[in-house]
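Enquirer: predicted coordinates and the sequence they were generated for:
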2 protein chains.
Amino acid sequence: MADKLSSTQRERALGGLNGWVYDEAGDAISHVFKFKDFSEAFAFMTRVALAAESAGHHPEWSNSYNRVTIVLTTHDAGGLTTKDMALAKVIDTILV
Amino acid sequence: MADKLSSTQRERALGGLNGWVYDEAGDAISHVFKFKDFSEAFAFMTRVALAAESAGHHPEWSNSYNRVTIVLTTHDAGGLTTKDMALAKVIDTILV
């Protein structure tokens, strides 16, 4: 099982990500992505789903038309771990 | 543009659906679906996405691992319309 990140580890990892916001209450990171329309948003979601399944680590996420909100945390560990940061990095890569 | 349903129309339509709950505050209907795992949940979401795009009417929905929560309402009309009931019916059909 992945260990929770220290605040130092977290800040360092967040610095390498693009636009993710730390939520202290949930010990989670989140990002709201906006697209042209639903089709483009769901295409992105499909790529994220494949990456998540491949990583064995899944987001909590929601979608409303062209907007996708992704929240990452590791419930088993009770907070943010390297699994979350790794998945966020992959999601960032999808959008490049 | 679709017109808002009257309470009589809504009750009649809800009676033809499977497990959808009316939310008075949002004038919306919602349903929580549970699956075996993420893969099964996302397969369902993909079918719902295709149906929604085809109908030109999209859900507000969220996913957490094997759980998918779908909320349907018609923002343009300020509440439930036949579009929501029709999409709910298609979603029910996906699960048969």
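Expert: Received it, and whenever you're ready, just let me know what you need. Please read these numbers as outputs of a predicted model, since none were measured by experiment. Numbering: from 1, shown residues only, chains lettered A, B, ... in the order given.
Enquirer: okay, the angle between the longest helix anywhere in chain A and helix B:38-55?
Expert: When chain A is parsed with DSSP state H, its longest helix is helix A:38-55. Angle of helix A:38-55 versus helix B:38-55, following axes from the mean of the first three to the mean of the last three CA atoms, to 10 degrees, is 170 degrees.
Enquirer: quick one, the helix or strand following helix A:38-55 and helix A:38-55 angle?
Expert: Where DSSP states H and E defines the elements, the next helix or strand beyond helix A:38-55 is strand A:60-64. Inter-element angle recorded for strand A:60-64 and helix A:38-55: 170 degrees (by the same axes, to 10 degrees).
Enquirer: near chain B, which residues of chain A?
Expert: A:38-39, A:42, A:45-46, A:49, A:52-53, A:58-65 (CB under 8 Å from any CB of the partner chain). (Each C-beta comes from the backbone N, C-alpha and C, glycine too.)
Enquirer: PyMOL command for the buried members of these?
Expert: Selecting the buried subset of the residues of chain A next to chain B in PyMOL, with 16 or more other CB atoms under 10 Å in any protein chain shown as the burial test, is done by:
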select buried, chain A and resi 38+42+45+49+52+58+59+60+61+62+63+64+65
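Enquirer: verify the stated contact: residue A:34 with residue A:64.
Expert: No. With contact defined as CB atoms under 8 Å, residue A:34 does not reach residue A:64; the gap is 10.4 Å.
Enquirer: give me the residues contacting stretch A:44-52.
Expert: A:33, A:35, A:58-59, A:61, A:63, A:68, A:70, A:87, A:90-91, A:94-95, B:38, B:42, B:45-46 (CB atoms under 8 Å, 6 or more residues apart in numbering or on different chains).
Enquirer: hang on, isn't residue A:91 packed against residue A:70?
Expert: Yes. Assessed by CB under 8 Å, residue A:91 is found in contact with residue A:70 at 6.8 Å.
Enquirer: now do the shared contacts for those two.
Expert: The contact sets of residue A:91 and residue A:70 overlap at A:31, A:48 (CB under 8 Å, 6+ apart).
Enquirer: in chain A, which residue sits nearest chain B?
Expert: residue A:62 (3.7 Å; CB to the nearest CB).
Enquirer: residues in contact with that residue?
Expert: So residue A:62 contacts A:68, A:69, B:60, B:61, B:62, B:63 (CB under 8 Å, 6+ apart).
Enquirer: 7 Å instead, please
Expert: A:69, B:61, B:62 (CB atoms under 7 Å, 6 or more residues apart in numbering or on different chains).
Enquirer: state the distance from the last one to residue A:69.
Expert: It refers to residue B:62. Residue B:62 sits 8 Å away from residue A:69, going by CB to CB, to the nearest Å.
Enquirer: common neighbours of these two, please.
Expert: A:61, A:62.
Enquirer: neighbours around residue A:1, how many?
Expert: 7 (other CB atoms under 10 Å in any protein chain shown).
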